[in-house]
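Novice: Turn this into a model:
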Amino acid sequence: MSELVSQIALDLIPGIGNHGVKQLISYCGSAHEVFNAPKKKLLKIPGVGEKLAKVIVNSKSFSAAEEIISKTEKMEAGILHYTDKEYPERLKNTPDAPNLIYVKGPGILNPSRCIAIVGARKATEYGKRITEKIISDLRELDVTIVSGLAYGIDIQAHKACMNNKLPTLAILAGGLDMIYPSTHKKYAEELQNTGAILTESIPGTKPDRHLFPARNRIIAGMTDATVVVEAAEKSGALITAHIADSYNRTVFAVPGNVGNNYSEGTNRLIASQKALIYTGVEDLIYHLNWDIDQGEKPLQTIPDLPEEEKLIFELLSKENEPIEIDLIAIKTQIPINKVASLLLNLEFQNLIKSLPGKKFGLK
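Specialist: Presented below is the predicted three-dimensional model:
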């Protein structure tokens, strides 16, 4: 039995969840070894009780796993496990990353620059124009765009990418064979010339409503930043933005007219400092450090600083993106009340910058 069969079979067992599967593999060494482990050994793994251990030992999910592999191969698609080197690295670094993703198309899943563009399903003409402008401005920057193939801003982003010859990745809620909405099937096929469609759902899974928030976490997790173009007060785009923020990824929002329903969400993100205001591609270049060569990061000169300020400066020098004050305190082992004061000192010296969400990064 192949390791892939074991990986899928383990993922099919109800009640384990993404974290549980990762923990089992971590303790046993591989999915294959999880199924080979005696019940006594499984019971020693945190979170594994009598009932779950019995289900694993007596698992009957192998034939279903083989069928999934067969269906995926017939679609000329691939299956990636989180232990595979091709698995999206950004997504792997999120706490609830899917154990398996199903991918169709040649798109690179670990590009050097990658952003999500999301927004209202009932996009206005303003929103559509802004989306096209953002992507047109990114044409020379070798950026991969991720979105959800939905009506409105999402499909506008995918179409603009294809028109501007930018690679784009479409994240689905259902299986690869269940394109939703069905009217976008032609775009899903076209974008696979240079990009890809992907999902955590097995073939045949219908895109039911409860799967969309889970889909949104993949959009947020696969990217360096999320740009919200238009969003009402309650929308999936705002869910994606809040998830991205929880992952310590940068969020941008395009401001809109006061009083316009589809600008309420984006304007509120900006007002509550949950997102940076997007006024042009220069905002992405500045806040994501795209003006720095994407090869090996140049060594930052460490200024002459007191010991604790130096610790913080060195930490921020090593990080690829701004980090929260709580995380700075944890990593430097400096009390958080003191960290706030030290950060202020560094900011006064023009060495660091503060960002929405109590995050800090180098100038």
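Novice: Can you say which helix or strand has Lys116 in it?
Specialist: Actually, residue 116 is Ala. It isn't Lys. Assessed by DSSP states H and E, Ala116 sits inside strand 114-118.
Novice: so who does the most centrally placed residue in the chain touch?
Specialist: Nearest residue to the geometric centre of the chain (C-alpha atoms, centre = their mean): Gly221, 1.1 Å. Shown here is Gly221, whose contacts under the criterion C-beta atoms under 8 Å, 6 or more residues apart in numbering are Pro88, Arg90, Leu91, Asn93, Thr94, Ala97, Ile243, Tyr247, Arg249. Bear in mind the C-beta positions are built from the backbone N, C-alpha and C, glycine included.
Novice: Reformat those residues as a markdown table; add secondary structure and distance to Lys331.
Specialist: Listed next are the contacts of Gly221 as a markdown table, based on DSSP: H, G, I helix; E, B strand; the rest coil; distance: C-beta to C-beta, whole Å:
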| residue | secondary structure | distance to Lys331 |
| --- | --- | --- |
| Pro88 | coil | 24 |
| Arg90 | helix | 20 |
| Leu91 | helix | 22 |
| Asn93 | coil | 15 |
| Thr94 | coil | 18 |
| Ala97 | coil | 21 |
| Ile243 | helix | 23 |
| Tyr247 | coil | 17 |
| Arg249 | coil | 18 |
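Novice: Now, of the residues you listed, which are buried?
Specialist: Pro88, Arg90, Leu91, Thr94, Ala97, Ile243, Tyr247, Arg249 (16 or more other C-beta atoms under 10 Å).
Novice: What sits closest to the first one if chain neighbours are left out?
Specialist: Distance criterion C-beta to C-beta, 6 or more residues apart in numbering; nearest residue to Pro88, sequence neighbours excluded, is Leu109 at 4.5 Å.
Novice: Could you give the backbone dihedrals for Leu42?
Specialist: Main-chain dihedrals, Leu42, degrees, to the nearest 10: phi -60, psi -40.
Novice: who are the neighbours in contact with it?
Specialist: Taking C-beta under 8 Å, 6+ apart as the test, what Leu42 contacts is Leu24, Val34, Val48, Leu52, Ala53, Ile56, Val57.
Novice: Lowest-confidence member of the contacts of Gly221, which is it?
Specialist: When the contacts of Gly221 are compared by pLDDT, Asn93 scores lowest at 89.
Novice: if I look at that one, how far off is Glu321?
Specialist: 11 Å (C-beta to C-beta, to the nearest Å).
Novice: Now do the strands in the stretch 251-363 of the chain.
Specialist: 276-277, 323-324, 352-355, 359-362 (DSSP state E, counting those that start in this stretch).
Novice: got these as CSV, with distance to Leu284 and mean pLDDT columns?
Specialist: CSV is the format used below for the strands of the stretch 251-363 of the chain (distance: least, C-beta to C-beta, whole Å; pLDDT from 0 to 100):
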stretch, distance to Leu284, mean pLDDT
strand 276-277, 9, 94
strand 323-324, 19, 85
strand 352-355, 14, 85
strand 359-362, 14, 85
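Novice: For His19, which of these is the nearest?
Specialist: Among the strands of the stretch 251-363 of the chain, the nearest to His19 by C-beta to C-beta is strand 323-324 (21.5 Å).
Novice: Please parse the chain into its domains.
Specialist: 1-67, 114-287, 307-362 (automatic domain parsing).
Novice: now the second one, how far from the centre of its chain.
Specialist: A distance of 11 Å separates the C-alpha centroid of domain 114-287 from that of its chain, computed with C-alpha atoms, centre = their mean, to the nearest Å.
Novice: related to what we said a few turns ago, helices and strands around the next helix or strand after the strand holding Ala116, which ones?
Specialist: Next helix or strand after strand 114-118 toward the C-terminus (DSSP H and E): helix 125-137. For helix 125-137, the packing partners by 3 or more C-beta pairs under 8 Å, 6 or more residues apart in numbering; DSSP states H and E come out as strand 114-118, helix 153-163.
Novice: Now with 10 Å, please.
Specialist: strand 114-118, strand 144-147, helix 153-163, strand 225-228, helix 261-271, helix 281-287 (3 or more C-beta pairs under 10 Å, 6 or more residues apart in numbering; DSSP states H and E).
Novice: Tabulate those (CSV), appending mean pLDDT and mean neighbour count.
Specialist: What follows is those, written out as CSV (pLDDT from 0 to 100; neighbours: other C-beta atoms under 10 Å):
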stretch, mean pLDDT, mean neighbour count
strand 114-118, 97, 27
strand 144-147, 98, 28
helix 153-163, 97, 24
strand 225-228, 96, 27
helix 261-271, 87, 21
helix 281-287, 91, 17
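Novice: in the stretch 1-150 of the chain, which ranges drop under the pLDDT threshold?
Specialist: 1 (pLDDT under 70).
Novice: for it, what spans make up the strands?
Specialist: Under DSSP E, counting those that start in this stretch, the stretch 1-150 of the chain gives strands at 78-81, 100-104, 114-118, 144-147.
Novice: pull the CA atoms of the second one into CSV?
Specialist: I take that to be strand 100-104. Output of strand 100-104 as CSV, limited to C-alpha atoms (Å, rounded to 0.1, in the frame of the first residue of the first chain):
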residue,chain,number,x,y,z
LEU,A,100,-4.2,17.3,1.3
ILE,A,101,-4.9,19.5,-1.7
TYR,A,102,-6.0,18.5,-5.2
VAL,A,103,-4.5,20.5,-8.0
LYS,A,104,-5.1,20.8,-11.7
